[in-house]
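Trainee: task: produce atomic coordinates for the following.
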Amino acid sequence: MKISNETKIGILAVVAITLMILGFNFLKGKNLFKKNDDIYAVFPKVTGLANSSPVFLNGLQVGMVTAIEEKSRNINDGIVVRINLSREIDIPGNSLAYINTDLLGVSSLVVEPGNSSQYLKTGDTLGSKIKVGLMDELGAGVSPALKSLDGTLVSLDSLIQVAGAYFDPATKNNFHKIVANLSAASSSLNHLIAAQNSSLNKTLGNMESVTGNLAGNNEKITNTLGNLEKTTSQLANAKLEETIADLQKTIQGLNGVLEKANGRDGSLGLLLNDKKLYNNLENTSRSLNILMDDLRVHPKRYISISVFGKKDKDKPLTAPLNDSTVNTSNQ
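Mentor: Numbers count the residues shown, from 1 in each chain. Next up, the predicted model:
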């Protein structure tokens, strides 16, 4: 039976979609061919937590979040988080789970193990607790301080008004002016505190935005650190110690040559350090110059090419002559 091209394309599309779904779930850490245990945890709020968020137990990742949904139509009843365990591990029944958010804004689920001898089974529910984040701690610390300062200003205003009732009219009027000025200053201070509170909230918002951007670029940061680790590994494997050892051997050999040159045992040392040899060479050069000048001035004394020529009876030279070419060039 001949299969049409449309049927072949349809089968190929189904296979491609199936492989894509399997590969996507594999990259998310899900194993579709292995049945893992599922346990649950209920939280009043799950800020920052998402599907595929890791689950840690004593710093070891033991699973991941696979589903987040409300417990009932009433959202105040809590939010159920399903945890898929990727390891066969015993978790005590009185363990507690909480949501942890780091400085980069990445949230994860952390399980604090208890000391019970009974362990959780598939479908059981973990106990939960709320851990205050860094931003919440900053806000909780600033708000009471602002409220305390506002109450102090109100108490000071009341005290000044009570004390002003015991002065004479002139002093009282002046005192009322002082109170009015202090009230105006208090109002200005309240406005300033409100403005600074808004600025602080904006600063915290900007900090959250920065941590969000860092969390969004977490993969790029990881790749950069991986490249840096590869670079350091390549430098470590570059045989720098062997190269330095060869360089030290070369320097030692050069030092040996220089020691022999400075000593008087070798030929090079004698040539460099023996003054007598230098004087002999200088005397030999001077004698050779005298001989060449005498040969140039009295050639007949050494070579006779004429039958009727007379023998040169001049005395031989005892010092070299001045070089006329040198004198000419110097003029």
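Trainee: check contacts around Asn58.
Mentor: Pro113 (Cβ atoms under 8 Å, 6 or more residues apart in numbering). The way it works is simple: take the backbone N, C-alpha and C, and place the C-beta from them, glycine included.
Trainee: distance-wise, check it relative to Ser52.
Mentor: 21 Å (Cβ to Cβ, to the nearest Å).
Trainee: and the helix or strand harbouring Leu19, which residues are buried?
Mentor: Assessed by DSSP states H and E, Leu19 sits inside helix 5-27. By neighbour count on 16 or more other Cβ atoms under 10 Å, the buried set for helix 5-27 is empty.
Trainee: quick one: name whatever helix or strand follows it.
Mentor: Downstream of helix 5-27 (by DSSP H and E), the next one is strand 38-43.
Trainee: tell me what that following strand is packed against?
Mentor: Counting contacts by 3 or more Cβ pairs under 8 Å, 6 or more residues apart in numbering; DSSP states H and E, strand 38-43 packs against strand 79-85, strand 125-128.
Trainee: could you check the angle strand 79-85 makes with it?
Mentor: 150 degrees (axes from the mean of the first three to the mean of the last three Cα atoms, to 10 degrees).
Trainee: re earlier: CA atoms only: put the helix holding Leu19 into CSV for me.
Mentor: Only the C-alpha atoms of helix 5-27 are listed here, as CSV (Å, rounded to 0.1, in the frame of the first residue of the first chain):
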residue,chain,number,x,y,z
ASN,A,5,3.0,12.5,1.1
GLU,A,6,0.4,14.2,3.3
THR,A,7,0.3,11.1,5.6
LYS,A,8,4.1,11.1,5.8
ILE,A,9,4.2,14.8,6.7
GLY,A,10,1.6,14.3,9.4
ILE,A,11,3.5,11.4,10.9
LEU,A,12,6.7,13.4,10.8
ALA,A,13,5.0,16.4,12.5
VAL,A,14,3.6,14.2,15.3
VAL,A,15,7.0,12.7,15.9
ALA,A,16,8.7,16.2,16.0
ILE,A,17,6.1,17.6,18.4
THR,A,18,6.5,14.5,20.7
LEU,A,19,10.3,14.9,20.7
MET,A,20,10.0,18.6,21.4
ILE,A,21,7.7,18.0,24.4
LEU,A,22,10.0,15.3,25.8
GLY,A,23,13.1,17.5,25.3
PHE,A,24,11.4,20.5,26.9
ASN,A,25,10.4,18.5,30.0
PHE,A,26,13.9,16.9,30.1
LEU,A,27,15.5,20.4,30.2
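Trainee: now do the helices in the stretch 151-300 of the chain.
Mentor: Along the stretch 151-300 of the chain, counting by DSSP state H, counting those that start in this stretch, helices occupy 169-216, 218-236, 240-262, 267-273, 275-297.
Trainee: wait, which of those is closest to Lys129?
Mentor: For Lys129, the closest of these is helix 169-216, at 23.0 Å, according to Cβ to Cβ.
Trainee: ok, Thr318 to Leu240 distance?
Mentor: Taking Cβ to Cβ, one finds Thr318 at 67 Å from Leu240.
Trainee: who has more neighbours out of these two?
Mentor: Between Thr318 and Leu240, counted using other Cβ atoms under 10 Å, Leu240 has the larger neighbour count: 10 against 7.
Trainee: thinking again about what came up before, just send the helices of the stretch 151-300 of the chain back as TSV, with distance to Ile68 and mean pLDDT too.
Mentor: Listed next are the helices of the stretch 151-300 of the chain as TSV, based on distance: least, Cβ to Cβ, whole Å; pLDDT from 0 to 100:
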stretch	distance to Ile68	mean pLDDT
helix 169-216	18	71
helix 218-236	21	78
helix 240-262	52	81
helix 267-273	86	66
helix 275-297	97	80
